[in-house]
Each structure stands twice: as C-alpha cells, then as structure tokens.
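# Prediction below, plus the sequence it came from.
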Amino acid sequence: MALFPAFAEAASNKVEDSSKELDWLNNKSFQTSHAHSLHSRFLEEKESSVGREVSSAAEEKEEEEEAPKKKKKKSEKKRKKKKKHKKKSGRGSDSSGSDSETIYPSDLKREQEAERSQAAPLANRFSWLDDVQSPTGHPFCVDRKPDQANWTYKSLYRGDVARYKRKGSSSLGLDPRRQGVSWEESESNKKQKGGDKNKAADRYFSKVSRQLLRSEPAVPTLPTIPHCSDVISDRVQTSSVNPLGVYDSSTALWLQGKGQQTLDAQTGQSTVLMTRRTEEFNRQLREQPADTQLWIKFIRYQDELTSTEFGGEEEQQGGDSSERRKTSYRAVLEKKLSIAERAVDTNPGCIALQLERLRICQELWEPSALAKEWKKLVFLHPNSAPLWREYLLFTQSYFSNFTVSKVNSAYGKCLSTLSCVRDGSMVSHPALPGIEEDMLDIFTQQCHFLRQSGHSEKAISLFQAMIDFTFYKPDSVRKLSTKQQVEFFEPFWDSGEARVGEVGARGWRAWMLQQERGGWLQPNDDEEEEEDEEEVKDRSQPRGTVWLDVESSREAVHWLPWRPDKAKGQSEEDCEDPDRQVLFDDIGSSLICLTSPELQLRLLLHFLSFLGLPVDSVLSPAPCQPGLLLDSLSFLTQGNERQRPLTSYDLPDSGVSSVGHMTTLQGTRKWVGLGKQGERFVTNVFSMVQPVLPPHHRAVLSLCWMQYEKLKVLRCLCSGNKKRLRSQGKSSKRVAKRLLKEPDNRSSLVLWQEYAHLEWILGNLDEARKVFSTATSIGGTKGLNSPSLCELCQLWSQLEVEDGGGIQGGALTDVTASPAVSVLTRLAEGTSSSSQSISPVSILKARKSYEQALTASLSALDQKVRLSGLVGCFALFQYLTVGIQAANAVYSQARERMEELHPSECQVLAVQQAALLRYHNTISVFPLVTLRQMLTSALSTWPSNTPLWSIYVQVENRYHSAGRARRFFHSVTRDNKSVVPRLFAIVAEQQRKQLVDAAQRSCCHDTTLPILPENGLSNRIRGLFESTIATEMGSRSPLLWRMYMHFLVSEGKVDKATGIFYKALQNVPWAKGLYMDAVQLFPEHLQEFVDLMTEKELRLRLPLEELDILLED
C-alpha cells in the first residue's frame, strides 16, 4: 500500500506498475476504509472542543483589551500550549493535510444526513411545539446553561448542586467513551487570577475567601485551634522586646510577662465532640424534620458553639476579644435566625418555633417591623394563649410605642378574642384545652400591670366586675355568649349600684330582679369620712422629697375607685381627680366566663393576694413569670428572726407589693395593713362572697383572713411599736374569735391552730397553750391519722422548742419533762395533751407508732393526703429523743419517696429540714457539711424556692470562703432561667461586701476611711447585675433594675446609674416604682421624669403645678 493511504487509488491510476518501482512504500496491513474512519473520529473530537475554544477566545479578547502590555507573553504561551496539544492529539491529526480539509465537508455532510434520517436531534434552544415545522418523536430541549438561582433560593438543598466540573458538553448522563468527571481544576482556570470580570464568584474554600475570613470577624462555625508554634513565632517576630530576633520564643514571652503556651488536649477533644454533635444534629433533622424540640435544641446549640469558640480566644485576642465578641454575636444571631426560619418553613403550625424565631428577631429587627410580625402572628393563631401572653409582654416592653391605654386595650383584645374562641363564635380556630385557666392568668397579669403602672383603681374595678360577673350572674343570661353577657352587665355597672366591697352591695342578680319589680331606694349611709391630714409636713425639704412623700401617701389612701355619694347629691363632675373614676369601656372587654368552681376559687384568691393577704401557693399559683411581679425587697431578707428559727417560714413572703403600697425601693409601709378604709373594704368582700361559696371554699377564705390578721401582728412586732402592737392585737383577736364562732369553723383545727399561734406571738403563752389543748381535744382520738391534728401538734412543739423547753445549750436535759416531747407523745397515743409527765415506755411506744404510721403513709402515696405534718412531728420527736442524725434520716427518707408524686409537699419538708438543721447548728457544735449538702441538693431541684435560698445565704455568709457558694450559684443559674437564684447571688455578694467594708473601717480606730480600698467585690456585683439583665426574665424584672440603680448610686457612680435607668425604661417602662426611685436618686431631673410619666400615661397623683401650690401655702 502507498505511504499516503487516502490517495492510494489516485496513485494507482497514474502509475500502473508502481509495485515494482515503489514496493518498499506499500503497507499491506492497512486498509483504505480505516483512514476515513480515523479521520471522521478526529473531526468529531475537534468539534466537541469548539465550544470551549470559543469561550476561551472571548475571554482572551477581553484580556487583550484590558491588558495590552501582556499581549505578547500570553500569545507565546498560547503557541506553546497549542504545540503540546498537537503532540498529544495522535497520529490522525498529524497526518491530515490541506487536501483532506477539502474532502472532509462532503463526507461529514453525508454522515450527518444519514444520522438525521435515523433519529431526530435534540434542539439547543427553546421553541414552541406548534412552531416546529416537522414535529419529531422526541420533542426535548437541551439546556446547557447552569441555573444560578439554585444557589440563591431554597428550592434545592445545597448538597444537591454538584461542585465538580465535567468534561464534554452532554447535559444528561455521562457517556463513558467521550466524557468523564474532572475532579481537579482545569488548566484554563488555574491561569485565571483576580481581575477577570467574567470569572465566577469565589467559593468559600478559595484563597481569596479565606483571606477575607481572616481579615474580618465571621460566624464561628466550629472552634479552631491555632498551632502553638505558629502563635509563638508570630509573637516573637512582632514583639517590641525582641527587635533583633535574637531571643528564642520562651525568652521573648518571659520578657512580655507571659507564660509558655501549650496546646490543650482537652480543647482538641472538645472540638471533635462539637463536630460530631453538629453532624448528629444535621442527620437527625434530615430524618425527623417535624421534631420541633430538636430544632429548638439545635438553635440554642449555636450559643454553645460560640462559647467554645470564644473561650479560648479571650487569652489570645486580649483587648480585642470584647469587640470581636459583639460583632460575632450578631453574626451568630443571624445564623440562628436562618435555622429558625428553616424550622418554621418545615413546621408552619408550631407556636414554639414561631416564638423562638421572634425572640431572635427581637435583637436584630427594628421595633416597628417586630410589632408588625407580632400582630401578624396573633392574627394567624388567635386561639394560642401562650402566644398571646408573649405578645402582651412584648407590647409592655415596646418603649417607643408604649402607653398604658394601648397595652390595656391589647389585654382587652386578647381576652375578648379568647372568649370568642371558647364560646365557639370563632369557627376557624377551635378552643385548646385549658383555655379558661390561661384566660384567668392573663386577666390577673393585666391587673398587676395596672397596679405597677399606678392605676390601682382600674385594677380593683376589674376584680370587682369579675366577682359580680362570676358569682352573681342572673340565670337568664347564663346560656348566652360572653359578649352578650357583657352587654347585659353594662347597665348594672353604670347604674351607680354598690359593687363588691362597698357598703350595701347586693350583686348583679339581685339588681336585675329588683329592676323588674321597679328598683329600690339607695340607703343613706352616715359614715364619717376620714379627715384629710396635712399632706406636706415639712416644707423645708427638697422639692423631689416632698413630691415622693405626697405621691406615696395619696397612693396609700386613694387606691379604691371614686364613687359619687348620691345621699350627698354628688355627681361624676364633683370628682377632683378624673383618673379615680373607672368607666365601663376600660374594663368591659376584659370580662371572661369561668365555669369551673376551682377556677372561681382561684379568682378570689388572686384578688385577696392582690389586696395583700397571704394565700396558699398551691391553690393560687403565680399567674405569669415571677420576675414580672417582683417589686419588694422583703422576700430577699425573710427568715432573719432569731426568736423564731423554726416557725418564721410559715408565711413565706411572695415579693409582690400589695395594692396601695407604691413607694421607693427602700421606703417603708404607711400602714401594716390597708388602712381604715381598706380594712373595711376587705371585711365587706368577705361578708359578701362567703355565703355564695361551698363549705370547703369558705374554709379556705377563713384561713386566709386569719393568717392576714396574724401577718399584721407580726409586722407590728417587727416594727417595735408596742402601742400599735397592742391595738392591732386586740382587733386581730376580735376577728379570730368571730371567725371561730361561726358554725362551720367551730371544729376547724386549722383555724384553732392559727388563733393559738396569734396568742403566742402576742406573748400570751398560757392562753395559747390552753387554745392548743382545746384544739387537741376537739381532734379526738384520731391521732396520727389526722393531718390537721399532726400539723397543729407540730406547730405547738416547735413553739415549745423555740421557747427553750427541753434543750439547754444543745444538750438534752430530761426528755420526759420536755413539753414538746409530751405533746408529740400524746399525739402518737391518740390522747389529749395534759400537764402530766410521760414515762420512757410511752416514748418508746410513740416512736413505734410514728414508724408504722410513716411506713403506711409512704406506701400509699397515690392518695392525696398531706404528710408534711406527720413527717415533721416524727422528725422533731426523733430530734428531741435521739438526736439530729435520726431527725435528718426521717426527712431524707420521706423526701426521697415523695419527690416525684408530691413536689409541693416535698418542698415544705425541705424547708422544715433546713430550718431544723440550721437551728441545731446555732445552739450546738455540728458539722456544717450535712446542712450544706441538704441545701444544695434541694436547691438544685427547686431553684425558685425563696426560703431555702434565704437559709443558704445566711449559712454561707458566716464564713469568709466564698468560692464554694459562688460555684454553686453559677451551676444553678447556668441551667435555670429563673431570676430568683440570680437575685440571691447578688444579695449574697452585697452582704459579703458590707462585712468586708465594715472590717476595713474597723482597722483604723482613730480616723475613718474616706474611700475604702478596692477589693473586687464591686466589680463582681456589677458583673452579676449585667449577666442577669442580659437574660430574658431578668430584663423584665423591675426589682432587679431598681436594685442595680441603688447599688451604683451607693458606689458613687451616678452617671452610670442614670444610664441604667434609661436602659431599664427600654425593658420595663410600665413600672412606676422605677420612676419614683429615679426621682429619689436623681432629684434634679424631677421635671423630666414627671413629663415622661405623663407621656406614657402612668398614674400621676400629684402634678408639679399642684406641688408648687402646696409648697406656697
């Protein structure tokens, strides 16, 4: 065959006898058809590379226009590359000549026509099927242009978009003969650097992006560990102490006053654990996208990642760590927001995820945008009470748009909407379970909001209307909807008829019946009005002090709504202060229907607690977040009475001020109760409501009344005013005897117990013992089977122990002669107590009876029986007869068995146990570790128990080593959102600072120290305040902000205290006590604060114009 096979036929025509002359050029193994097939294959490969060459040519053209100086170098490189490409292309490309180019088009055209006849090709641009002239069997279109929107919108998961680049131009599938996957960067991309306009955006793993991440703080995805050698070498090179670089790394660090840095292995392990946890979260969320709690955990897990990231950076960054932390905190918030939005998109009906999203948005969005989002959310979910509660809290805290009337109308809108849902009027949304209970809690929260903003008249009117609307509803309107019932109630409210708590009140039902008969005449009440005492007692005092005194005194006197006295011919125009009148429009939308007797009782107990009466926390739980209502320092200092170490926790202080006691943080109460007018109001409420209640509910109200009288006596006792104590004791005993004379209360051991305790507090010990003895005889022979009798004997024996009977200096004298042991032994025997001494045998029998009764009671915990009295009696009996270890064992056994089924009873036992251990620790030598372990275990379980925290702070502050207490406070506050442990942590540090300051002053007896040396406690206390107000519940606690202001002023930092006041306004603008504290601490800004109160519509009882008139007179 010829050397050029493609022209073998032409050569044979010209030279017939070529085999003889050019035989050495023939290739017999190569056929002529092979040349055509190889040539066509080469041209196909060349065609596939045309698209890439055109795009590269366009890019090169732009490069030539932008950079003409580099044109020669680039062209030389292109030539070299073309040469390399030709060497790789193979034999067929080298052997192709110019003649073959002339032959190729016709051959290619014939092959293409043959392929078209076999199968129609896929079009490369879009066209309508109707426009195609010859419809094909496969009407598809090949779109080789990538869709960049896949990266922008959330239509695809990011893992679905390929990161690699493929060889070839095919769009669907891979042809293994012609295409392959290129996992490495191509040659053309490697030569492209910055400055190319058409180049795609850099990915996050490129060098440019990594340099950008290093230069600017970014979102910490995972904690990074810098290599110790890198850190040390950098510091050595840039250090000013080593300008020549002659010192090694350790010497340079020593000259800088820094130690050798070592890589912590634990940090590396934590990084691996974080990575694994993140991967586990992602896997679980892909498998279970409907798990809302998992989404919330993942959102909050981002904070843990951030803390891990910045935990190791503070030492490295130094002063820049705080700025970096603030910048990255916002970035983390945006990351959490993106996760929350993805979770909400996946679970659009979940309220918890919606609330979590809005909590994150609260720190990112503008208040106006956030308000619109809240309104949209409550419109979409009008039947969700938790959502409404959070919306109302946001409305209260939204300072720029806050006024009392707007928030009050928001409460009315919420309750009226929930009433429509409850009645079934709103067909689109069904009523959720527990809606009545939620409505009652929101109603009570509204009343406390009005009290804290100074509008106590509106709050009292709300409770008056609700009691009439609930207990005195006519039978003819009971089946109507709530809205229709309110319309019938309005004429009664506007009629001027006496309301609940007023003299001559008969109720809504009696008024409607009498209206049908023609109405009744208003009786003339010849009541002597209290003479108005002079309001300004000392005109020489500063203007701000006079304003505070008059404002607080008017609050204490005028908390009841003003009503015109028709007997004196008064009308609504005769009221000097129009804000003392309450219109129906202010309260009508907040009236709700309560059908459950338990909820009706809870409404009454909320009202009594609002008036300042002690109520059972089990029957009347807190209506909302406890931190919202805290505005009194009394609950932080309770239990300090040394005369009553065992019984001082019977009436725990709630920390919520009663109505009429709006004053400064450290101000004193004007009265021990509610004043003459207020006490008459309470008496009228009891006398009107008790007849319509069932007997067991009447007993609860009677107990509240008796405990209220005892509380007033205790306040008089603490004040040290003997004259007031004597008069209050007489009136309280009169009320107690009147209650005990009622038929339902004559056999009530609980009331007899309270009356005996009242006599004991007043100092009438013999009279109290007689009352106790009478009560035990009423109890009969029930003995340990009666919870009420056990509680009575427990109180009696505790009072005897406090009085010193049977124990002298911690040593048992004669057990058989102890009055407390005698009381407890008679209880076990089932006999009434007598003055006769007991025998040792009876003590042994009593211990056996206690053990059997306790075992039987703990084995039947399913029954709702009060066991605190039985356990307390047995523990005290063991303490008096055996020792403190035996008593502690009784408490521990009972708490271990009761913790799950009876948590409230278990808390009572924990307080009793702590009080007994502390009492024994004060009178004898006893290791403190038992009491400390008991308190820490109990407080870890119930971190909001104020009596336990009070005991813990008193115990720990007796010792100068504060590290243990600080670590415990940190462990509790880290895992709990409640504001109570944080407040006690602050109080503990403040008390410790007072001790240290007093010790430093006592060192110099001759001269007083003008400025105490800094000991670090001030900064620690400020840090505790700052960390607490950074929490959600702490930022909404008025008490916390007021304590912070007073602390800063006491430290002499008035400017910072002013800044804290304005910061507090952004979170608790409704708290009038905050403004009154500001007037006391910054009296020069009185005009500004009063104007602010007027703008926000807080209750202002003494305008400054009236103050000027009073001062002139």
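Yes, it's here.
# Output the below-cut-off pLDDT ranges for the stretch 551-700 of the chain.
Confidence mapping of the stretch 551-700 of the chain against pLDDT under 70 gives the ranges 623-624, 639.
# That one: helices as residue ranges?
All helices of the stretch 551-700 of the chain, identified by DSSP state H, counting those that start in this stretch, fall at 584-587, 597-610, 626-629, 675-689, 695-719.
# before we move on, what about the stretch 201-350 of the chain?
In the stretch 201-350 of the chain, the segments counted as helices under DSSP H, counting those that start in this stretch are 207-215, 228-238, 249-255, 265-287, 292-311, 313-317, 320-346.
# elements contacting the helix or strand containing residue 993?
In this assignment (DSSP states H and E), residue 993 forms part of helix 980-1002. When contacts are defined as 3 or more CB pairs under 8 Å, 6 or more residues apart in numbering; DSSP states H and E, helix 980-1002 sits against helix 946-956, helix 963-974, helix 1017-1029, helix 1038-1050. (C-beta placed from N, C-alpha, C; glycine too.)
# between these, which one is nearest to residue 386?
Across the helices and strands packed on helix 980-1002, residue 386 has its closest neighbour in helix 1038-1050 (22.5 Å, CB to CB).
# angle of the helix or strand following the closest one against helix 1017-1029?
Following helix 1038-1050 in sequence order, the next helix or strand is helix 1054-1065 (DSSP H and E). Interaxial angle, helix 1054-1065 versus helix 1017-1029 (axes from the mean of the first three to the mean of the last three CA atoms, to 10 degrees): 10 degrees.
# returning to that earlier point: tilt between the helix holding residue 993 and helix 946-956?
Relative orientation of helix 980-1002 and helix 946-956, computed by the same axes, to 10 degrees: 30 degrees.
# Just the C-alphas of helix 980-1002, formatted as CSV.
Output of helix 980-1002 as CSV, limited to C-alpha atoms (Å, rounded to 0.1, in the frame of the first residue of the first chain):
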residue,chain,number,x,y,z
VAL,A,980,-34.7,34.2,91.9
PRO,A,981,-31.3,32.4,92.3
ARG,A,982,-29.6,35.3,90.5
LEU,A,983,-31.2,37.8,92.9
PHE,A,984,-30.0,35.8,95.9
ALA,A,985,-26.5,35.6,94.3
ILE,A,986,-26.4,39.4,94.1
VAL,A,987,-27.7,39.7,97.7
ALA,A,988,-25.1,37.3,99.0
GLU,A,989,-22.3,39.3,97.4
GLN,A,990,-23.7,42.6,98.7
GLN,A,991,-23.9,41.2,102.2
ARG,A,992,-20.3,40.0,101.9
LYS,A,993,-19.2,43.4,100.7
GLN,A,994,-20.8,45.0,103.7
LEU,A,995,-18.9,42.7,106.0
VAL,A,996,-15.6,43.5,104.2
ASP,A,997,-16.2,47.2,104.3
ALA,A,998,-17.1,47.1,108.0
ALA,A,999,-13.9,45.1,108.7
GLN,A,1000,-11.8,47.6,106.7
ARG,A,1001,-13.3,50.6,108.6
SER,A,1002,-12.7,48.9,112.0
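# Give the buried residues for that helix.
By neighbour count with 16 or more other CB atoms under 10 Å, helix 980-1002 contains the buried residues 980-990, 992-993, 996.
# Over to stretch 469-482?
Result for stretch 469-482 [16+ other CB under 10 Å]: buried residues 469-474, 477, 481-482.
# need the helices of the stretch 551-700 of the chain in a markdown table with mean neighbour count and distance to residue 288, can you?
As requested, these are arranged in a markdown table below (neighbours: other CB atoms under 10 Å; distance: least, CB to CB, whole Å):
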| stretch | mean neighbour count | distance to residue 288 |
| --- | --- | --- |
| helix 584-587 | 18 | 47 |
| helix 597-610 | 20 | 38 |
| helix 626-629 | 23 | 34 |
| helix 675-689 | 17 | 52 |
| helix 695-719 | 19 | 47 |
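# on that earlier part again, got the helices and strands packed on helix 980-1002 as TSV, with distance to residue 1096 columns?
What follows is these, written out as TSV (distance: least, CB to CB, whole Å):
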stretch	distance to residue 1096
helix 946-956	31
helix 963-974	32
helix 1017-1029	21
helix 1038-1050	14
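# Can you get me a residue count around residue 583?
A count of neighbours around residue 583, defined by other CB atoms under 10 Å, yields 12.
# Check the gap between it and residue 698 for me.
Remark: distance between residue 583 and residue 698 (CB to CB, to the nearest Å) = 34 Å.
# Show the low-confidence segments of the stretch 1001-1113 of the chain, by residue range.
Flagging of the stretch 1001-1113 of the chain using pLDDT under 70 yields the residue ranges 1003-1013, 1113.
# let's go with 90 and repeat that
Applying pLDDT under 90 to the stretch 1001-1113 of the chain picks out residues 1001-1016, 1032-1033, 1107-1113.
# between the helices and strands packed on helix 980-1002, which gets nearest to residue 389?
Here helix 1038-1050 is closest among these (CB to CB), at 17.9 Å.
# Give me the angle between that closest one and helix 1054-1065.
Angle of helix 1038-1050 versus helix 1054-1065, following the same axes, to 10 degrees, is 170 degrees.
# wouldn't residue 681 be in contact with residue 560 here?
Yes: Residue 681 is within contact range of residue 560, at 6.4 Å (criterion: CB atoms under 8 Å).
# Now the common contact residues for the two.
By CB atoms under 8 Å, 6 or more residues apart in numbering, residue 681 and residue 560 have these common neighbours: residue 501.
# what's stretch 817-827 in contact with?
772, 776, 783-784, 789-790, 793, 796-798, 800-801, 805-807, 815, 832-834, 837-838, 842-843, 846, 873, 876-877, 880-881.
# and with 7 Å instead?
The contact list for stretch 817-827, computed with CB atoms under 7 Å, 6 or more residues apart in numbering, reads 783-784, 789-790, 793, 796-797, 800-801, 805-806, 815, 832-833, 837-838, 842-843, 846, 873, 876-877, 880-881.
# Filter these down to the buried ones, ChimeraX style.
In ChimeraX, this line selects whichever of these come out buried by 16+ other CB under 10 Å:
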select :783,784,789,790,793,796,797,800,801,805,806,815,832,833,838,842,843,846,873,876,877,880,881
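# Take the contacts of stretch 817-827 and keep only those in helices.
Among the contacts of stretch 817-827, the members falling in helices (DSSP state H) are 789-790, 793, 796-797, 800-801, 842-843, 846, 873, 876-877, 880-881.
# between those, which is closest to residue 407?
Distance to residue 407 across the ones in helices among the contacts of stretch 817-827 (CB to CB) is lowest for residue 790, with 47.4 Å.
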